[in-house]
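**Student:** Generate coordinates for the sequence data below:
(2 chains)
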Protein chains: 2
Amino acid sequence: MSTPIKPRTPSGVMELLPRDQIAFQRMLDTIRRTFEQFGFLPVETPVMELSDVLLTKSGGDTERQVYFVQSTGALDSAAKEGRPELALRFDLTVPLARYVAEHEHDLAFPFRRYQMQRVYRGERAQSGRYREFYQCDIDVIGKDSLSPRFDAEIPAVIAAVFDHLAIGDFTIHFNHRKLLRGYFEGLGIGDGERQTAVLRELDKLDKRGPDAVRATLAGEGYGLARDVVDALMAFSQVRSTGHADALAKLDAFPQGTALFEEGRAELRAVLAQLQALGVPENRYALNLSIARGLDYYTGIVYETFLDAHAQIGSICSGGRYDNLASHYTKSKLPGVGISIGLTRLFYQLQKAGLVSTAASSVDVLVALMDDAMLPDALALSQRLRAAGLNVETQLEPRKLAKQLQYADRAGIRFVAIRGEDEASRGVVAVKDMRSGDQFELEEADLPAKLQETTR
Amino acid sequence: MSTPIKPRTPSGVMELLPRDQIAFQRMLDTIRRTFEQFGFLPVETPVMELSDVLLTKSGGDTERQVYFVQSTGALDSAAKEGRPELALRFDLTVPLARYVAEHEHDLAFPFRRYQMQRVYRGERAQSGRYREFYQCDIDVIGKDSLSPRFDAEIPAVIAAVFDHLAIGDFTIHFNHRKLLRGYFEGLGIGDGERQTAVLRELDKLDKRGPDAVRATLAGEGYGLARDVVDALMAFSQVRSTGHADALAKLDAFPQGTALFEEGRAELRAVLAQLQALGVPENRYALNLSIARGLDYYTGIVYETFLDAHAQIGSICSGGRYDNLASHYTKSKLPGVGISIGLTRLFYQLQKAGLVSTAASSVDVLVALMDDAMLPDALALSQRLRAAGLNVETQLEPRKLAKQLQYADRAGIRFVAIRGEDEASRGVVAVKDMRSGDQFELEEADLPAKLQETTR
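**Tutor:** Prediction:
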């Protein structure tokens, strides 16, 4: 036999041991259940797309990070020249655009979809950067138009997701592109590219500090008047605390351009709807510094932060866009959506000690001390499974101490122990590994009792 | 704006519309729940493995079907020469071997894992052949040794999975490599390669018919005596009907070689355990024609067929192997496992009319006829969600008839209708789209009533 090859994974991927995988899977399940509670429908797309479909815009940062796929035959052949036919998706938005355009006539609009799959980026590997990672996305896509009322439903979904995930207090920050651009217009910054450039400077406030940003905006490159710079700085520092404060902060602005007023009216409506939806007012805040790159988003934009862990950055972001799939169809498909990068979030939560290794998915270990009891152990296991419990059967007899030790290490809560004595009396001895208690139950009572405790 | 690019997927992938995706997702969930009920733990591995780790055996059919992965940088560079660093997994067995060898010291043995992910093969695209497809695998891996008792647990899992999937009656056929090879030995066919060759001929029984196979085995290439050929034909035609018959058919063979007797004893034990596990006896059968390629399996082998749809072929196959990960570790890791190729199965079931488009994952559409009722509709939706229902809210008022039509087409069972009149009386009008009934309920009773009906 030859020397073994060292078993290892490529850098930049996350592979978990079973108990961490259970914790991760529970997060995925919670997110999915919440998306479904809000009426979103599942979509899965192939990991491989046709390169010419995926990469409608040639060149650019995106293409530099794309993974291309080739079978051995193609590698050997002339196809080696030129771009390979297949590539791995780098996000779930382009596949959504392709999906909606391709199946346009089979979908009902507004189309609410969720998609939770892995995406691929040829990133330089570094801590917390992944080349393969889960994205959990929801989007609502309209045909020709989409009511701004969907803009308020999205933060209600975000709030429910992170409430259910129970990873600590969080705040959904939002801003509105129309408010932002309308405000810029009002200050005489009407040109779109100029707006983008100014925004980019304002985005550096946290890093560079207000004085440096102020100097740049008033300096030669921009040449903005002092009062304009002051207004920009004040605008981008607006943060609300609570529902009434958000409304008050919106109301405090004087009459603005038509675009500004459109944004203001939409934000007021969003706030009213969030209240009707019962989203607690400490879960959302107006934050006029949120920008999220000017190209794509055209209406409301969202970012979500853990209150006690701002350093993690936004854990769920998105917004409203005018046209999802202009590369694939002449239909106008406006939408609003958000994305959770779950692999990175899980990594950050582990680092911050906010997810612990989960209890096993196994509820009960049915012990075996004696070969003669095997049929009894098998039958007992099946009855517990029929009652909805996850059961592992000890198939070879071992010392009870070893079996208890195994259950303890594996995170299995209960061990069901039945020797001939217990069987003859129709009872089962149960050891609760969490409390250390041991008790006896009538067999008929066992499933209900354990189920009640494990759920 | 440039001409749109035609949105399309590569050939050989399955992409579903939402309602079919819901049906597919329910199958995945059912399989997962059943695997977990039997104490299997989740594992996910990256879709990309290092080529030198994945392809330990150079050349061969496997490598010809492998998809290699390269980022743009690598495509442009010298790395173009030679085999790319990364490749997509083509099954879940090689990644399992790599995983177990890599994490050997962090896993508890016997290690029961399930894995349900997509795998990739550069197949020539044809109907029912997929280049991307789901595999749903379970395996139990022992360290140094693994009790044959696990061989009986596996068919109990298979039986539970297909019972829960409710796609019709099925039978798990099994055979045993030791019985097979022991029987060949007893007939004087002791050489492993000769056994393989003979088996390959016997495998053609269905296609070529008994006369042709008989002629080949008695002919020049094999030169087997007539009574040996008769014995082989009789052996491979053994099929049991029911538990007692399986035991009787095993007992009917005269004393065989040590290997044969080992196989016979293990099969008897498996049968006894299946009975103790309460697996209905029409769910399993001894079938001595099952072979499954001689190289890999060393003990029991399984294939599963839908009784009324034999043409679909085996829907769940596997068996016992001696050493999972010899390429990666010097530890001996025997195991037993099975695999369900779910994408192909779903395609076949759809073709045979055995899966229907599922009802929507949305339980209730909360209707809206009047803008003034929006806050009420939002609040009602949230209360229904809090009670565990999946709820879509109609956010823009439309004629009721249109809303009912939408629910009907989307497969949403209930529409909750509340105008000012109903609200003032504290009731909700509910239309059951399945029965056509409409009824009024106190709002407080609504969640429980709908939940009871939808679950």
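**Student:** pLDDT below threshold where in the stretch 101-250 of chain A?
**Tutor:** A:125, A:127 (pLDDT under 70).
**Student:** what are the ranges of the strands in the stretch 151-300 of chain A?
**Tutor:** A:170-176, A:284-286, A:297-306 (DSSP state E, counting those that start in this stretch).
**Student:** Next, format the ones you listed as TSV and append mean neighbour count.
**Tutor:** Backbone N, C-alpha and C define where each C-beta goes, glycine included. Formatted as TSV, the strands of the stretch 151-300 of chain A follow (neighbours: other CB atoms under 10 Å in any protein chain shown):
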stretch	mean neighbour count
strand A:170-176	24
strand A:284-286	24
strand A:297-306	23
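**Student:** will you turn the ones you listed into a markdown table that also has distance to chain B?
**Tutor:** Putting those into a markdown table (distance: least, CB to the nearest CB, whole Å) gives the following:
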| stretch | distance to chain B |
| --- | --- |
| strand A:170-176 | 16 |
| strand A:284-286 | 15 |
| strand A:297-306 | 15 |
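**Student:** want to try TSV for these, with distance to A:D29 as columns?
**Tutor:** Below are these laid out as TSV (distance: least, CB to CB, whole Å):
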stretch	distance to A:D29
strand A:170-176	19
strand A:284-286	25
strand A:297-306	20
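**Student:** Mind listing residues that contact stretch A:448-455?
**Tutor:** Applying CB atoms under 8 Å, 6 or more residues apart in numbering or on different chains, the contact partners of stretch A:448-455 are A:363-364, A:384, A:387-389, A:413-414, A:430, A:432, A:441.
**Student:** Return the set of buried residues in it.
**Tutor:** Under the neighbour-count criterion of 16 or more other CB atoms under 10 Å in any protein chain shown, stretch A:448-455 has A:L450 buried.
**Student:** Looking at that stretch now, give me its mean pLDDT.
**Tutor:** Here stretch A:448-455 scores 80 as its mean pLDDT.
**Student:** repeat for stretch A:389-407
**Tutor:** Mean predicted lDDT for stretch A:389-407 stands at 96.
**Student:** Show me where the stretch 51-200 of chain A has its helices.
**Tutor:** A:51-54, A:60-64, A:72-76, A:93-102, A:150-165, A:177-186, A:192-202 (DSSP state H, counting those that start in this stretch).
**Student:** With the stretch 351-455 of chain A instead?
**Tutor:** A:374-386, A:400-410, A:420-425, A:446-454.
**Student:** Out of the strands of the stretch 151-300 of chain A, which is closest to A:V69?
**Tutor:** strand A:297-306 (30.6 Å; CB to CB).
**Student:** partners of that closest one in the sheet?
**Tutor:** strand A:170-176 (antiparallel), strand A:316-321 (antiparallel) (DSSP bridges).
**Student:** Show me what secondary structure element comes after the shortest one.
**Tutor:** The one in question is strand A:316-321. strand A:335-341 (DSSP states H and E).
**Student:** Could you tell me how far the residue most central in space within chain A is located from chain B?
**Tutor:** Residue closest to the average C-alpha location in chain A (CA atoms, centre = their mean): A:I340, at 2.2 Å. A:I340 sits 17 Å away from chain B, going by CB to the nearest CB, to the nearest Å.
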